[in-house]
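Q: Quick one, what's the 3D model for this:
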Amino acid sequence: MKYIITAFLALLLAVAMPWTPSASAGQIDQTFRNPSAQDTVNWLPKEMPTRRITYTNNSLTYGDLRLPGKSNLKGKAKAYPVVVMIHGGAWTAGYSLDYVAPLAEALTDEGIATWNIEYRRIENTGGAYPNTFRDVAAAIDYLRVLAPEYGLDLDRVVVAGHSSGGHLALWAGSRASILPSSRLYVANPLPVRGVVSLAGIPNLKDALERGNRTDVLTLLGGVTAAAAISLYPETSPYHMLPTGVPTSHIVGTSDNPWRVAITEEYVEYAKSLGDWGRIAIPVGANHFDVVDPCGPAWPTIVTEVLLALGEKPPNGNLNQSKFCPVSGR
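A: Numbering: from 1, shown residues only. I've put the predicted structure just below:
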């Protein structure tokens, strides 16, 4: 598989230094499956998670923790690096963490602990602003509680999210910029090492205006477009830059053009402010290809996650996850 975005020297440096993404964008030329939303209903992991754990006293706030059988990755003895996985679905209750469970399982097979989280969404009681954001924050910070019992390395936490979950992942990496006057402020958010956004939404204002995503207004509490402007500095990742947190973005050419455009613009703006960022654009990939561990995007996903953790990507055949847990493939 040919990567324009990642030169060999950059890979060597990434395993010895903090993650410093390349300045150039890239495209990956492969044949993709182009799964539909309906197809993802049949994406099932092979095994149950290590544990399902509630992280607040609300029954809708829980996560599936998966621990590797062993990890050959560098770092503290018996301390696993962690990927927090945030599912998408237009921030609505129509989607759950289930469809990204195979991706979480495949990453766990690479020696990474995964914390696949559920949270209150639009249509859930108490969902949307501020609680959707507060739940995601609480889930990430709850790793401090889980770390001693499960051997998690809190110095190596990366947040990954798909679609609207990509928005929330980028937001989570931006929490340090939230002012104390905000309803979303937390005094001591858990630092994250990086963010991997899979077909995410980095700019809520542009998603509304250029993508006609009126669900942005629902997410922000049913406000008007005019009222949303005052909320963007605490909810829209583009408007929260700079953050000092490296970000990697994967979005396919067969996704919505506005999504590709605002992702490219986010990366360029982040870099102009001194942040690290890069984007991979798989040619022919659609919205769900970028979370398919059995498809051509898998090498890009696992490479970006491992680089974000400060790890060397695996050698050998990366055509699909060796675990490839998706049922029926």
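Q: ranges for the helices of the stretch 1-150 of the chain?
A: 8-14, 101-108, 131-141, 143-150 (DSSP state H, counting those that start in this stretch).
Q: So which of the ones you listed has the densest surroundings on average?
A: helix 101-108 (a mean of 26; mean count of other Cβ atoms under 10 Å). Using the backbone N, CA and C atoms, a C-beta is placed for each residue, glycine as well.
Q: mind checking how far it is from the chain centre?
A: On the basis of Cα atoms, centre = their mean, to the nearest Å, helix 101-108 sits 13 Å off its chain's mean C-alpha point.
Q: tell me what that helix is packed against?
A: Using 3 or more Cβ pairs under 8 Å, 6 or more residues apart in numbering; DSSP states H and E, the elements in contact with helix 101-108 are strand 62-66, strand 80-86, strand 113-117, helix 298-308.
Q: Run through the bridge partners of residue 113.
A: Beta-bridge partners recorded for residue 113 (DSSP bridges): residue 82.
Q: Tabulate the helices and strands packed on helix 101-108 in a markdown table, adding columns for mean pLDDT.
A: Shown next, in a markdown table, are these (pLDDT from 0 to 100):
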| stretch | mean pLDDT |
| --- | --- |
| strand 62-66 | 98 |
| strand 80-86 | 97 |
| strand 113-117 | 98 |
| helix 298-308 | 95 |
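Q: Please name whichever of those is nearest to residue 100.
A: strand 80-86 (5.5 Å; Cβ to Cβ).
Q: Convert the C-alpha atoms of that closest one to PDB, please.
A: Taking Å, rounded to 0.1, in the frame of the first residue of the first chain, the C-alpha atoms of strand 80-86 are listed here in PDB:
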ATOM      1  CA  TYR A  80      -1.400  -0.800  28.100                       C
ATOM      2  CA  PRO A  81      -1.800   2.300  25.800                       C
ATOM      3  CA  VAL A  82      -5.400   3.200  25.400                       C
ATOM      4  CA  VAL A  83      -7.700   4.300  22.500                       C
ATOM      5  CA  VAL A  84     -11.000   5.800  23.500                       C
ATOM      6  CA  MET A  85     -13.400   5.000  20.700                       C
ATOM      7  CA  ILE A  86     -16.400   7.300  20.100                       C
END
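Q: That strand to strand 113-117, inter-axis angle?
A: 20 degrees (axes from the mean of the first three to the mean of the last three Cα atoms, to 10 degrees).
Q: for strand 80-86, packing partners?
A: helix 101-108, strand 113-117, helix 131-141, helix 143-150, strand 152-162, helix 164-172.
Q: Let's have those in CSV, adding distance to residue 309.
A: Output for the helices and strands packed on strand 80-86, formatted as CSV (distance: least, Cβ to Cβ, whole Å):
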stretch, distance to residue 309
helix 101-108, 10
strand 113-117, 11
helix 131-141, 15
helix 143-150, 14
strand 152-162, 5
helix 164-172, 15
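Q: Out of those, flag the one nearest residue 215.
A: Per Cβ to Cβ, nearest to residue 215 of the helices and strands packed on strand 80-86: helix 164-172, 8.3 Å.
Q: sorry, back to before: which one of the helices and strands packed on helix 101-108 lies nearest to residue 268?
A: Among the helices and strands packed on helix 101-108, the nearest to residue 268 by Cβ to Cβ is helix 298-308 (18.1 Å).
Q: Longest helix in the protein, by number of residues?
A: When the chain is scanned for its longest helix (criterion: DSSP state H), the result is helix 257-272.
Q: Quick check: what element follows it along the chain?
A: The helix or strand immediately downstream of helix 257-272 is strand 277-283, counting by DSSP states H and E.
Q: Please name every helix or strand in contact with that next one.
A: Helices and strands touching strand 277-283, by 3+ Cβ pairs under 8 Å, 6+ apart, are strand 26-29, strand 247-250, helix 257-272, helix 298-308.
Q: For that strand, list every residue counted as buried.
A: 277, 278, 279, 280, 281, 282 (16 or more other Cβ atoms under 10 Å).
Q: and what of stretch 173-189?
A: 173, 174, 175, 177, 178, 184, 186, 189.
Q: Show the end-to-end separation of it, please.
A: 10 Å (Cα to Cα, to the nearest Å).
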